[in-house]
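Generate coordinates for the sequence data below:
(2 chains, ligands or ions: 2)
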Amino acid sequence: MKVLVALKRVVDPYVKIRVRADGSGVETTNVKMSTNPFDEIAIEEAVRLKEQGIATSTTVIALGNVASQENLRAALALGIDNALFVPCDDMLQPLAVARILQQIVVREAVQLVIMGKQAIDDDNNQVGQMLAALLSWPQCTFASAVKILDGGTSVEVTREIDGGLEVLYAQLPAVITTDLRLNTPRYASLPNIMRAKQKPLTTITVEELAVPTQTAFKVLSVAAPKTREAGIMVDSVDALLDKLRNEAKVIA
Amino acid sequence: MKILVIAEHDNEHLKASTVATIVAAEKLALPIEVLVAGYRCQAVAEKVRTLAAVSRVIVADHEVYQDQLAENLALLLQSLSSSYSHILAAASTFGKDLLPRLAGLLQVSMASDIIEIVDANTFIRPIYAGNALATVSMHDAIRLLTVRSSAFNAAITTKAELAELSICDTVYALEKTKLIKRIESKSERPELGQAKVVISGGRGLQNKENFALIEQLADKLNAAVGASRAAVDAGFVPNDYQVGQTGKVVAPDLYIAIGISGAIQHLAGMKDSRVIVAINKDAEAPIFQIADYGLVGDLFKIIPELLAKLP
Ligand SMILES: Cc1cc2nc3c(=O)[nH]c(=O)nc-3n(C[C@H](O)[C@H](O)[C@H](O)COP(=O)(O)OP(=O)(O)OC[C@H]3O[C@@H](n4cnc5c(N)ncnc54)[C@H](O)[C@@H]3O)c2cc1C
Ligand SMILES: Cc1cc2nc3c(=O)[nH]c(=O)nc-3n(C[C@H](O)[C@H](O)[C@H](O)COP(=O)(O)OP(=O)(O)OC[C@H]3O[C@@H](n4cnc5c(N)ncnc54)[C@H](O)[C@@H]3O)c2cc1C
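Ligands and ions are numbered 1, 2, ... in the order given. From the prediction side, this is the model:
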């Protein structure tokens, strides 16, 4: 079975971001960038499927600026077989990303897509579900365990939901989106980093794919939220209880 | 034009997050209709009919909707969608699973997790774990929105005269997915998203046994229990306790963070609480920067003292 993983290059999760003064967005120049952590989890899952002999080949794809190729190389170093790069300078909307992924899935005869449940920059949590809809495939979102069944014709996915967990059976082909506890991604070893340099990284343009990327959605402005004023320190449990009872009036 | 709100329920009870979604929908000043899709879900429909803001309830009652899986519901919604200018659901795992799939079917964009409605086409939503707020405009014929419940926490009025009821017989039965089981975390405590008081514990609790201290404190204050990702990853508590950017977002009257450092991702889920208390042995922990009341000390001394001093 051919597995496709989507990868987005995002501002590193541990960076304290700064909103541009002109409201045009968040400052990303000279800011540490990383692979979206949920996509790292997707990469790890795909590599494990390959190691188990379930996946016959694994491909990773990123849509983004040229620097995204660094993240693709890193995915190859982790064990993904080949990479696709779709250059685009403007950030694409989820629907446009999903349409491009749909084209790739068809072209490459992919049977399983694994991707992050959300990108930690825009926090949309949309692309996987949109892609599944465009393909009329089942979707298994927020996965914390994945078990391929029946020689690769179906899958059982444990999902993290608000009420607890849910176990879903789905026929393949399908889209799976990852949650935090699906696995713990490995680190790349030096020999694998060297080997990754020889692995194929192919560029495909949006024009070649002939996918409409315009959507009727615009970000008008981006602002910093109100900050909370720091409060006070209390020096004892008694002082805390007194404040909560008599000042904040939140406990009896 | 009209608004369609998708009810979230377990075939018996309406989720409070749906009420918050209706509160948000009211800001659009258009007639509000609610879809209740499920199996033997009449009680939910009757409950929704009592809400003053709702003009019509559409019930799709069929076995195929029992587990409310996204595939079939998205197709049902697609068939209903042309009558509406806005379709809203709560930004719960249910709404987050379903609405983008509908957007894919309809080939329209959607806005996730909105916290403010500016006008019929303009919405505000947090990005970067709430460290920036984006104002977005939508110009598809149908605007799809998921709504952050904690941002629309108002009381809703009921009325004696019930909203109109329509039955929808359309059945979509894609067989590609099947629910095997749900493993719900059972708790007598208030629901995390709705509780007036939330007590959360982090890695500082060290293990599952110690986490019972947080639970005892929660019971004293009739509070819900939350946790940091570290506490969930380490297995102290189940996944649905996680508060944060990629877990639940809460805004109770009182949030007490104990043994939690205050990472950006955790703050994203609780910084809009009315009063925040932080208890941590490290005076430099970032959680103190947003706490109204901070207490530096060992939680293993402080929690027992709180338990002894609270009625
Ligand atoms: C300040 C600002 C202004 C913007 N303005 C506009 C605008 O005016 N118009 C506009 O069209 N867009 C705009 N965007 C871009 C847009 O909001 C997002 O980039 C787009 O919505 C992608 O969403 P997401 O990554 O959060 O999706 P999610 O649905 O959260 O992502 C889920 C998964 O999808 C996959 N994925 C997402 N993106 C990619 C990718 N590029 N390559 C490979 N896989 C991917 C990953 O696997 C990811 O884990 C703006 C963004 C910002 C920050
Ligand atoms: C993609 C991504 C998504 C994430 N999503 C979330 C999310 O949704 N929610 C979330 O919470 N995190 C999330 N995280 C993780 C986040 O970055 C932090 O790692 C996590 O919140 C830390 O949890 P903690 O505060 O319990 O642990 P730590 O940071 O280890 O802090 C433990 C604290 O306990 C204190 N302590 C220890 N012993 C005692 C004692 N005896 N008495 C008093 N204090 C004590 C310490 O001083 C310390 O401050 C995410 C991370 C990533 C990369």
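
Let me know the pLDDT of the closest residue to residue A:167 other than its chain neighbours.
The shortest distance from residue A:167 to any non-neighbouring residue, by Cβ to Cβ, 6 or more residues apart in numbering or on different chains, is to residue B:180 (4.1 Å). Any C-beta I mention is one placed from the backbone N, CA and C, and that applies to glycine too. Among the per-residue scores, residue B:180 holds a pLDDT of 97.

Identify each buried residue in the host helix or strand of residue B:180, please.
Applying DSSP states H and E as the criterion places residue B:180 in strand B:177-184. For strand B:177-184, burial by neighbour count (16 or more other Cβ atoms under 10 Å in any protein chain shown) applies to residue B:177.

Got phi/psi on the residue in the stretch 51-200 of chain A positioned nearest to ligand 1?
Distance from ligand 1 to each residue of the stretch 51-200 of chain A (Cβ to the nearest ligand atom) is smallest for residue A:116, at 2.5 Å. With angles defined as degrees, to the nearest 10, residue A:116 sits at phi -70, psi 150.

which residues does it contact?
Contact analysis of residue A:116 by Cβ atoms under 8 Å, 6 or more residues apart in numbering or on different chains lists A:6, A:8, A:36, A:37, A:38, A:39, A:41, A:42, A:128, A:177, A:178.

Among those residues, which pair sits farthest apart?
For these, the farthest-apart pair by Cβ to Cβ is A:37 and A:128; their separation is 15.2 Å.

quick one: which of these two has more around it?
Shown here are residue A:37 and residue A:128; by other Cβ atoms under 10 Å in any protein chain shown, residue A:128 has more neighbours (32 against 20).

show me what contacts that one?
A:113, A:115, A:116, A:117, A:139, A:141, A:175, A:176, A:177, B:100.

same deal with residue B:59?
Counted by Cβ under 8 Å, 6+ apart, residue B:59 has contacts B:36, B:37, B:41, B:42, B:45, B:165, B:166, B:167, B:168.

interface residues of the stretch 101-250 of chain B facing ligand 2?
B:202-204, B:228-231, B:242-247 (Cβ under 6 Å from any ligand atom).

again, only using 5 Å
The stretch 101-250 of chain B has residues B:202, B:203, B:204, B:228, B:229, B:230, B:244, B:245, B:246, B:247 near ligand 2, with proximity defined as Cβ under 5 Å from any ligand atom.

In helices, which of those residues appear?
B:229, B:230 (DSSP state H).

now that we have the residues of the stretch 101-250 of chain B next to ligand 2, which one has the most neighbours?
Most surrounded of those: other Cβ under 10 Å gives residue B:228, at 31 neighbours.

contacting residues around that one?
B:200, B:201, B:202, B:203, B:242, B:243, B:244, B:260, B:261, B:263, B:266.

repeat for residue B:298
Listed by Cβ under 8 Å, 6+ apart, the contact set of residue B:298 reads residue B:281.

And residue A:28, by the same measure?
For residue A:28, the contact set (Cβ under 8 Å, 6+ apart) comprises residue A:11.

how near is it to residue A:93?
According to Cβ to Cβ, to the nearest Å, residue A:28 and residue A:93 sit 17 Å apart.

Find the nearest non-adjacent residue to the most centrally placed residue in chain A, please.
Centroid-nearest residue in chain A, with Cα atoms, centre = their mean: residue A:116, separated by 2.9 Å. Once flanking residues are discounted, residue A:116 sits nearest to residue A:38: 2.7 Å by Cβ to Cβ, 6+ apart.

ok so the one you found is a strand residue?
No. Read with DSSP: H, G, I helix; E, B strand; the rest coil, residue A:38 is helix and lies in no strand.

Break down chain B into its helices, ranges please.
With DSSP H as the criterion, chain B has helices spanning B:16-26, B:42-49, B:70-80, B:93-106, B:208-220, B:229-233, B:264-267, B:299-309.

Give the buried residues for the third one.
Burial within helix B:70-80, assessed by neighbour count using 16+ other Cβ under 10 Å, is assigned to B:70, B:71, B:72, B:73, B:74, B:75, B:76, B:77, B:78, B:80.

ok, the first one touching residue B:95?
No. Contact status for residue B:70 versus residue B:95: not in contact, 10.1 Å apart, counting by Cβ atoms under 8 Å.

May I ask which of the contacts of residue B:59 has the most neighbours?
In terms of neighbours by other Cβ under 10 Å, the contacts of residue B:59 top out with residue B:36 at 29 neighbours.

do you know how far it is from residue B:254?
As defined by Cβ to Cβ, residue B:36 lies at a distance of 33 Å from residue B:254.

next one: residue B:103
37 Å.

got it, and residue A:18?
Per Cβ to Cβ, residue A:18 is found 31 Å from residue B:254.

out of these two, which sits in the busier spot?
Neighbour count, other Cβ under 10 Å: between residue A:18 and residue B:254, residue B:254 has more, with 23 against 14.

residues contacting that one?
So residue B:254 contacts A:244, A:248, A:250-251, B:196-198, B:221, B:223, B:273-275, B:277 (Cβ under 8 Å, 6+ apart).

hmm, try it at 6 Å
A:250, B:197, B:275 (Cβ atoms under 6 Å, 6 or more residues apart in numbering or on different chains).

The residue of the stretch 101-250 of chain A found nearest chain B - nearest residue in space that isn't next to it in sequence?
Chain B sits closest to residue A:133 of the stretch 101-250 of chain A, with a gap of 2.7 Å, by Cβ to the nearest Cβ. Counting by Cβ to Cβ, 6+ apart, residue B:104 is the residue found nearest to residue A:133 once chain neighbours are left out, at 2.7 Å.

did I read that right, residue A:29 in a helix?
No. Applying three-state DSSP, one finds residue A:29 to be coil, outside a helix.

Okay, it and residue B:41: tell me how far apart.
Residue A:29 is 52 Å from residue B:41, by Cβ to Cβ.

ok, now residue B:92?
Using Cβ to Cβ, residue B:92 is found at 17 Å from residue B:41.

now swap in residue B:280 and tell me
Noted for residue B:280: a distance of 45 Å to residue B:41, by Cβ to Cβ.

what about residue 118, neighbour count?
With no chain named, the answer covers chain A. Counted with other Cβ under 10 Å, the neighbours of residue A:118 add up to 27.

that's the other chain; I wanted chain B
Residue B:118 has 14 nearby residues by other Cβ under 10 Å.

wait, what's in contact with residue B:227?
Taking Cβ under 6 Å, 6+ apart, one finds B:200, B:201, B:237, B:241, B:242 in contact with residue B:227.

and those residues as a markdown table, adding neighbour count and distance to residue A:145?
Shown next, in a markdown table, are those (neighbours: other Cβ atoms under 10 Å in any protein chain shown; distance: Cβ to Cβ, whole Å):
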| residue | neighbour count | distance to residue A:145 |
| --- | --- | --- |
| B:200 | 29 | 25 |
| B:201 | 32 | 25 |
| B:237 | 22 | 18 |
| B:241 | 24 | 18 |
| B:242 | 28 | 17 |
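
Going by distance to ligand 2, which of those residues wins?
Of all those, ligand 2 sits closest to residue B:242, with 5.3 Å by Cβ to the nearest ligand atom.

now the closest one, nearest residue through space, not along the chain?
Leaving aside its sequence neighbours, residue B:242 sits nearest to residue B:232 (Cβ to Cβ, 6+ apart; 4.7 Å).

Tell me how far the residue of the stretch 101-250 of chain A closest to chain B lies from ligand 2.
25 Å (Cβ to the nearest ligand atom, to the nearest Å).

wait, is that residue part of a helix?
Yes. The assignment for residue A:133 (three-state DSSP) places it in a helix.

What confidence value was assigned to it?
For residue A:133, pLDDT reads 98.

how many neighbours does residue 104 have?
I'll assume chain A. 21.

think we crossed wires, I meant chain B
Applying other Cβ under 10 Å, we find 29 residues neighbouring residue B:104.
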